[in-house]
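Visitor: Give me the fold of what follows.
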Amino acid sequence: MRLIESTHKGGGPVFDMGIYCINAARYLFRAEPTEVWATTASTGEARFRKAEEMTAVTMRFPGERLATFTASFGSADIGRYSLVGTKGVLTADPGYEYAEGLGFQIKVGQKTEKRQYPKRDQFAAELEYFSQCILDNRTPEPSGEEGLVDVRIIEAMHRSIKGGRWVDISPTSRRQRPSLKQDIRRPPVRREPTLVDVEPASQ
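Guide: All right, here's what the predicted structure looks like:
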């Protein structure tokens, strides 16, 4: 399979952060996108010469459903998503953070419910699960098939950026999707890690 190269070398914000937006839409809709449209923009800062500053994407899903997101290296730090239905809205803010807890707000009509989920160690759960799959000779979920689905979607995004048009995504069907049965909870790390010559991408 030949990968479509990003507009600039370095990958850009879709590879870094946008993948979580893609996954959120796929998991919430429990379906795969059928076509995608994407575009990029940049303020021209020198630090964005080798990677896009921002990418905006719209994905069409079966059942006349749309998902849209913007991933940016140049904006203020924000990581929330909203699921808008015919009867109400679910908003997660923060929705993608792993260094703090997550917050949800569900609004149906005039009724609003808020929920908070405490911080936990997501990486410990991932490492424990993957290690156990190796010990038990089991195929992990997500598998290589899951990664291939993501790559095909991002390839379509880059073709859309290059051609300035909607791009079809060939049909695929996931036989298995994440469920609460896979939930592994581990307590958070109490001490902030020491950073070495790095800073957040938005600074």
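Visitor: Now do the helix or strand of the chain with the lowest mean pLDDT: distance to the chain's middle.
Guide: Among the helical and strand segments of the chain, the one scoring lowest on mean pLDDT, DSSP states H and E is helix 13, with a mean of 89. Distance of helix 13 from the chain centroid (Cα atoms, centre = their mean, to the nearest Å) equals 11 Å.
Visitor: what's in contact with it?
Guide: By Cβ atoms under 8 Å, 6 or more residues apart in numbering, the residues outside helix 13 that reach it are 51-55, 71-73. (Each C-beta comes from the backbone N, C-alpha and C, glycine too.)
Visitor: Mind giving me the PyMOL select for those residues, buried ones only?
Guide: Buried subset of these, written as a PyMOL selection, criterion 16 or more other Cβ atoms under 10 Å:
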select buried, resi 51+52+53+54+55+71+72+73
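Visitor: Filter the contacts of helix 13 down to the ones in strands?
Guide: Using DSSP state E, the subset of the contacts of helix 13 located in strands is 54-55, 71-72.
Visitor: Tell me the one of those residues nearest K87?
Guide: Taking Cβ to Cβ as the measure, K87 lies nearest A71 of the ones in strands among the contacts of helix 13, at 28.7 Å.
Visitor: where does L135 land in three-state SS?
Guide: Here L135 is helix, with the state taken from DSSP: H, G, I helix; E, B strand; the rest coil.
Visitor: one step back: make TSV out of the contacts of helix 13 and add pLDDT.
Guide: Formatted as TSV, the contacts of helix 13 follow (pLDDT from 0 to 100):
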residue	pLDDT
A51	80
E52	85
E53	90
M54	93
T55	94
A71	93
S72	91
F73	88
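Visitor: From R159, how far out is V36?
Guide: Distance, V36 to R159, using Cβ to Cβ, to the nearest Å: 9 Å.
Visitor: which residues are in contact with both of the two?
Guide: Common neighbours of V36 and R159, counting by Cβ under 8 Å, 6+ apart, are V167.
Visitor: ok, those two, which is more surrounded?
Guide: Counted by other Cβ atoms under 10 Å, V36 and R159 do not tie: V36 has more neighbours, with 23 against 16.
Visitor: Run through who's touching the strand or helix carrying the more buried one.
Guide: Element membership of V36, judged by DSSP states H and E, is strand 35-41. Residues from elsewhere that reach strand 35-41 (Cβ under 8 Å, 6+ apart): 7, 12, 14, 52-60, 153, 156-158, 160-161, 164-169.
Visitor: among those, which are in strands?
Guide: Short answer: the contacts of strand 35-41 in strands (DSSP E) are 54-60, 167-168.
Visitor: Narrow the residues you listed to those that are buried.
Guide: Neighbour-count burial (16+ other Cβ under 10 Å) applied to the ones in strands among the contacts of strand 35-41 gives 54-60, 167.
Visitor: how about the ones in strands among the contacts of helix 13, which pair is most distant?
Guide: Using Cβ to Cβ, the ones in strands among the contacts of helix 13 span at most 7.7 Å, a distance reached by T55 and S72.
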